[in-house]
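Visitor: Test case, fold it:
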Amino acid sequence: MTILILSHYLGRSSTDLDVQWKSKLGTHRLIAFWDRNKSAIGYLITNLKRAQFSADKVSKLYGLRWQIELFFNELKSYSGLKTFNTRDKSIAESLVWASMLTLLLKRFIARASGLIHQVTISTQKVARCANDWLPDILKALLSGREYRIKKTLRKWCRYFSEYACRAHPKRDNQTLFVQLTETHV
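Guide: Numbering: from 1, shown residues only. Below you'll find the model as predicted:
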């Protein structure tokens, strides 16, 4: 009964409460919101200041958590960041930066392919097959021959538009992450 009343009360907004636990010092915010995807109430506990972060903003930021998980998963799985064979901090830091630059290049190629061919490309699918296309593109770039560079880029952009499309582009376009990235492109 309480859940039904609260879900009716929340509707499209959220409730922002101050809470205090006996075992923890200080006051925290408890944000209750209606999760339309799960048809259930979601709860967030935060110490972010209400003046700087509205309940709605906290809920939206929390929605980006999955994208952060995917980002780190992509770095570990498709950019060689699973393990390091060094204890040298500067070498490890250089490897992290190199992996992030590689990831950025993969995402740029995926985004450009999608824009050229008017389709939504899966960055994960592009990253999974990087061992096939990345050396080819780098060799073309290193050749310095404009014709070879264009030909190689066209070939791989066409390939991605045929074999690396997102499975659910309509659904994906409704996510907060896509909305944020689309507005800044």
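Visitor: Where do the strands of the chain begin and end?
Guide: 14-19, 28-35, 40-46 (DSSP state E).
Visitor: looking at this protein, which helix or strand does the model trust least?
Guide: helix 2-10 (a mean of 47; mean pLDDT, DSSP states H and E).
Visitor: low-confidence ranges in the protein?
Guide: 1-13, 172-185 (pLDDT under 70).
Visitor: report the longest helix in the chain, please.
Guide: helix 89-117 (DSSP state H).
Visitor: Check which residues of that helix are buried.
Guide: 95, 99, 102, 103, 106, 107, 109, 110, 111, 113, 114 (16 or more other Cβ atoms under 10 Å). Every residue, glycine included, has its C-beta placed from N, CA and C.
Visitor: Now do the contacts for the closest residue to the third one other than its chain neighbours.
Guide: In this structure, residue 102 finds its nearest non-sequential neighbour in residue 79, 5.3 Å apart by Cβ to Cβ, 6 or more residues apart in numbering. For residue 79, the contacting residues are 99, 100, 102, 103, 127, by Cβ atoms under 8 Å, 6 or more residues apart in numbering.
Visitor: Most widely separated two among those?
Guide: Farthest-apart pair in the contacts of residue 79 is 100 and 127; separation 12.7 Å (Cβ to Cβ).
Visitor: on that earlier part again, just send the strands of the chain back as JSON lines, with mean neighbour count and distance to residue 55 too.
Guide: Below are those laid out as JSON lines (neighbours: other Cβ atoms under 10 Å; distance: least, Cβ to Cβ, whole Å):
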{"stretch": "strand 14-19", "mean neighbour count": "14", "distance to residue 55": "4"}
{"stretch": "strand 28-35", "mean neighbour count": "18", "distance to residue 55": "5"}
{"stretch": "strand 40-46", "mean neighbour count": "14", "distance to residue 55": "8"}
